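Colleague: task: produce atomic coordinates for the following.
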Amino acid sequence: MDPYLLNESFLNAAQRKALASRAKENSELLGFWVTWHLAGGFDVLETWGWHRATIYRKIKRFRDEFGVHPDEFKFDWIKLDLTKAWTEKFLSGLGAETDE
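Modeller: Here you go, the predicted model:
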């Protein structure tokens with residue numbers, strides 16, 4: 001859909017509000033999905049200080065929206081390069097320069 005169609009003449013105020021709410025929820029779930037994969041799952045998120053109930057709640061919300069667990073879901077428009085992400089994070093933590 002062309003984002004320019006989402007102006008006031010195409011959607012009424014209630015529709016824009018519903019769309020904005022859905023976009024916010026999906027952006028939060030997308031962020032959770034990326035973090036889940038960067039962490040490598042539940043145990044590391046918990047080690048990072050996430051409360052167990054928060055992790056379970058986000059997994060449930062993710063399943064409700066996308067139908068599967070974050071481990072099983074792939075966005076066809078996102079490719080995570082976890083090796084590169086972790087290598088650059090590790091090297092920058094050591095003070096080494098990384099290629100960007």
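
Colleague: longest helix of this protein?
Modeller: helix 13-39 (DSSP state H).

Colleague: how distant is the following helix or strand past that helix from the center of its chain?
Modeller: The first helix or strand that comes after helix 13-39 along the chain, using DSSP states H and E, is helix 42-47. In terms of CA atoms, centre = their mean, to the nearest Å, the centre of helix 42-47 is found 16 Å from the chain centre.

Colleague: remind me what helix 42-47 packs against, helices and strands.
Modeller: Packing partners of helix 42-47 (3 or more CB pairs under 8 Å, 6 or more residues apart in numbering; DSSP states H and E): helix 13-39, helix 52-66. C-beta: built from backbone N, CA, C; applies to glycine.

Colleague: wait, which of those is closest to K79?
Modeller: Set against K79 and scored by CB to CB, those come closest in helix 13-39, at 11.1 Å.

Colleague: where does the protein have low pLDDT?
Modeller: By pLDDT under 70, the weakly predicted segments of the chain are 1-9, 89-91, 93-100.

Colleague: picking that back up, adding mean neighbour count, write the helices and strands packed on helix 42-47 out as TSV.
Modeller: Below are those laid out as TSV (neighbours: other CB atoms under 10 Å):
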stretch	mean neighbour count
helix 13-39	13
helix 52-66	14
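
Colleague: with distance to F75 added, can I get these in TSV?
Modeller: Listed next are the helices and strands packed on helix 42-47 as TSV, based on distance: least, CB to CB, whole Å:
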stretch	distance to F75
helix 13-39	7
helix 52-66	9
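
Colleague: nice, that's everything, thank you.
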